[in-house]
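Student: Got a sequence here, can you build the structure:
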Amino acid sequence: MKSTLLSLLLLLPLSIQAQDKTPTTLRGILLEQLRTTHNQKDWYVPVTVAVEGITPEQANWTDGKGNHSVGQLTYHLLFWDRRALEQFNGQKAEKFSGNNDETFSNFDAKQWSDTVRQLDEVMAEWEKAVEAADDAKLAKNASMIAHVGAHNAYHIGQIVFVRKEQGSWDPAKGVK
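Tutor: Purely as a prediction, here's the structure:
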């Protein structure tokens, strides 16, 4: 009886670990951050859910108090995610004045669907790049990649908030 109980107790951690899907590697953690801000629901909604069903007019709407629109926030994410990915891939980034306001103000409602599509593509490219990178490259860039995920999550929260103010958010999508 004691040996059976001891055997079960020794196997319990292996059983729990097999059921736990928490990433345990740097690559796994970074991918989890990127995916949960891209298209995997987790503690918060991903950007694909946050912008789903928005019309160009809704994307352009502001509260009149100087806060950004959903479109401006989405364009801002596209700008910085693309720029960081170019840096990660060793590519030369487009010239930038350094004025962060431009990364919001260059949004054009006429190109809303294209902005959403491009952001989805860049986020998918990020995931592929992290999957393919060697361990040394991941370690060297881990902080930047983690900041990309945190930056995405921050602005996704703003997008949901703007949609709530506007009355275009469906709480059934994950945020009441």
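Student: For the most centrally placed residue in the chain, which non-adjacent residue is spatially closest?
Tutor: Geometric centre of the chain, nearest residue: Thr37, 2.6 Å, by C-alpha atoms, centre = their mean. Once flanking residues are discounted, Thr37 sits nearest to Asn152: 3.7 Å by C-beta to C-beta, 6 or more residues apart in numbering. Backbone N, C-alpha and C define where each C-beta goes, glycine included.
Student: follow-up on the earlier one: so who does the residue nearest to the centre of the chain touch?
Tutor: Counting by C-beta atoms under 8 Å, 6 or more residues apart in numbering, Thr37 makes contact with 46-47, 123, 149, 152-153, 156.
Student: what does the average pLDDT come to for stretch 136-145?
Tutor: Average pLDDT, stretch 136-145: 97.
Student: For that stretch, give me every contacting residue.
Tutor: Residues from elsewhere that reach stretch 136-145, judged by C-beta under 8 Å, 6+ apart: 26-27, 30, 33-34, 84, 87-88, 126, 130, 133.
Student: What about these, which one has the most neighbours?
Tutor: Of all those, Trp126 has the most neighbours under the rule other C-beta atoms under 10 Å, reaching 27 neighbours.
Student: Look up how far Thr48 lies from it.
Tutor: Look at Trp126 and Thr48: by C-beta to C-beta, to the nearest Å, they are 14 Å apart.
Student: okay, and the common contacts of those two?
Tutor: Contacts common to Trp126 and Thr48, judged by C-beta under 8 Å, 6+ apart, are His38.
Student: quick check, distance from the strand or helix carrying Asp81 to the centre of its chain.
Tutor: Per DSSP states H and E: Asp81 is located in helix 70-88. Relative to the chain's own centre, helix 70-88 is displaced by 10 Å; criterion: C-alpha atoms, centre = their mean, to the nearest Å.
Student: Name the residues of the strand or helix carrying the residue nearest to Thr37 that are buried.
Tutor: If you go by DSSP H and E, Asn152 is part of helix 135-166. Across helix 135-166, burial judged by 16 or more other C-beta atoms under 10 Å covers 138, 141, 145, 148-149, 151-153, 155-156, 158-163.
Student: Stretch 166-176 too?
Tutor: 169, 174-175.
Student: Among those residues, name the least confidently predicted one.
Tutor: At the low end of pLDDT for the buried residues of stretch 166-176 is Val175, which has 76.
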